[in-house]
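> Sequence isn't available, so here's the structure alone:
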């Protein structure tokens with residue numbers, strides 16, 4: 001029997017994408033918030049400063065997205081992916097050996113270039129290299145890298161707490177993981193990456209479309225919500241006394257393990273969307289985010305409350321990420337890289353604004369007020385899913 005000619009490409013792109021997202025959307029993206037309870041005393045950073053550092057990190061994410069759009073249009077998806085992995089690996093190493101808050105912030109920003117540089121290019125690689133039938137399976141494998149990367153980062157933090165060793169060892173491990181992901185992608189993408197299919201260069205003016213406005217609004221709300229939750233959830237729980245039965249700083253680890261594992265539900269996003277339609281799915285996700293924030297505000301030291309909050313947030317992050325991808329694909333026909341990147345730019349803008357504002361509010365008003373306000377924002381975003389706004393069910 002003759003083997004499917006695309007089988008090798010499917011396996012190779014899936015493995016490369018899995019390794020890249022495991023690193024960039026795992027430790028590189030959530031590491032700062034995960035280890036914030038340890039980083040605060042180590043570097044003398046409080047709520048306002050921690051929010052600023054998180055926003056600086058997400059500014060790196062924004063810069064990566066813009067660079068990915070330009071590099072992807074000129075050179076295809078491979079180059080921005082490899083550059084992104086190099087940036088994340090170097091940034092993680094910088095944090096591991098940081099001696100000041102300034103170096104810490106620079107390392108976080110450099111690490112966060114990676115997620116920006118890899119997300120849309122991998123969408124492009126899969127679109128150019130695989131048939132319509134093969135794409136969903138490959139994208140599902142790639143997306144699981146995010147969830148398992150977050151869970152792996154949480155597991156590393158848990159071992160640090162249980163063994164009583166420095167948090168820096170976890171970041172050394174993350175940097176070594178980055179070297180492995182870089183090696184895998186360098187080997188596979190240089191051999192299997194397809195040539196770009198586009199015959200003409202895209203321009204940013206093409207993303208200004210009226211029917212994309214609800215997509216951009218949801219993306220902005222998504223960015224604010226996830227960035228604040230990822231940055232301040234662990235600190236909130238630890239300051240409330242932590243989860244009963246866990247060692248110091250063990251609660252933050254448990255939160256992110258639950259977040260990552262629950263995010264595996266994102267694999268079923270397309271199936272849920274076919275069952276209930278895009279408007280209902282978007283509304284449900286916004287309400288899930290609202291409930292996640294409310295639970296953390298009202299029950300920050302309760303196992304059921306915190307685990308439910310983390311699980312809902314994991315589902316929200318992964319499913320909404322998938323929603324943005326196929327929503328943009330419908331609006332911007334032809335697999336536009338810049339169309340999807342434009343949606344991600346709104347995610348990045350919300351991610352920059354959210355932690356900076358929340359950090360100041362955290363010090364002045366407290367964690368409960370911040371997360372209740374976040375719940376209100378997510379709930380208020382649900383009407384954006386009304387069929388009158390979402391015309392591509």
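Here it is on my side, so go on. Because the structure is predicted, anything quoted here is derived from the model rather than measured.
> can we go C-alpha only for contacts and neighbour counts from here?
OK.
> For residue 35, give me phi and psi.
phi -100, psi 10 (degrees, to the nearest 10).
> can you pull the contacts of it?
Applying Cα atoms under 8 Å, 6 or more residues apart in numbering to residue 35 gives the contacts 157, 167, 234, 252.
> Show the buried residues in those residues.
Buried subset of these (neighbour count, 16 or more other Cα atoms under 10 Å): 157, 167, 234, 252.
> list the contacts for the closest residue to the third one other than its chain neighbours?
Of all residues beyond its chain neighbours, the one nearest residue 234 is residue 252 (4.5 Å), with distances taken as Cα to Cα, 6 or more residues apart in numbering. If you count contacts by Cα under 8 Å, 6+ apart, residue 252 has them with 34-35, 154, 157, 233-235, 237-238.
> do the same with residue 284
Applying Cα under 8 Å, 6+ apart to residue 284 gives the contacts residue 382.
> and of the contacts of residue 35, the nearest to residue 210?
Nearest to residue 210 among the contacts of residue 35: residue 234, at 38.3 Å, using Cα to Cα.
> Can you report how many residues lie near residue 175?
Residue 175 is flanked by 26 other residues according to other Cα atoms under 10 Å.
> do the same with residue 365
There are 11 residues near residue 365, going by other Cα under 10 Å.
> so what's it scoring on pLDDT?
Per-residue confidence at residue 365 stands at 94 (pLDDT).
> Residue ranges in the chain under the pLDDT threshold?
Scanning the chain for pLDDT under 70 picks out the ranges 1-6, 47, 129-133, 135, 193-209, 333-338, 387-393.
> in the stretch 51-200 of the chain, which spans are helices?
78-96, 101-129, 135-163, 168-192 (DSSP state H, counting those that start in this stretch).
> how big is the angle separating the third one from helix 101-129?
Between helix 135-163 and helix 101-129, the angle formed by their directions is 150 degrees, by axes from the mean of the first three to the mean of the last three Cα atoms, to 10 degrees.
> what helices or strands is helix 135-163 leaning on?
helix 7-24, helix 27-34, helix 101-129, helix 168-192, helix 250-262, helix 303-331 (3 or more Cα pairs under 8 Å, 6 or more residues apart in numbering; DSSP states H and E).
> one more time with 10 Å, if that's ok
Applying 3 or more Cα pairs under 10 Å, 6 or more residues apart in numbering; DSSP states H and E, one finds that helix 135-163 contacts helix 7-24, helix 27-34, helix 101-129, helix 168-192, helix 250-262, helix 269-276, helix 303-331.
> As JSON lines, these with distance to residue 229 would be great.
JSON lines is the format used below for the helices and strands packed on helix 135-163 (distance: least, Cα to Cα, whole Å):
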{"stretch": "helix 7-24", "distance to residue 229": "18"}
{"stretch": "helix 27-34", "distance to residue 229": "9"}
{"stretch": "helix 101-129", "distance to residue 229": "17"}
{"stretch": "helix 168-192", "distance to residue 229": "21"}
{"stretch": "helix 250-262", "distance to residue 229": "11"}
{"stretch": "helix 269-276", "distance to residue 229": "21"}
{"stretch": "helix 303-331", "distance to residue 229": "8"}
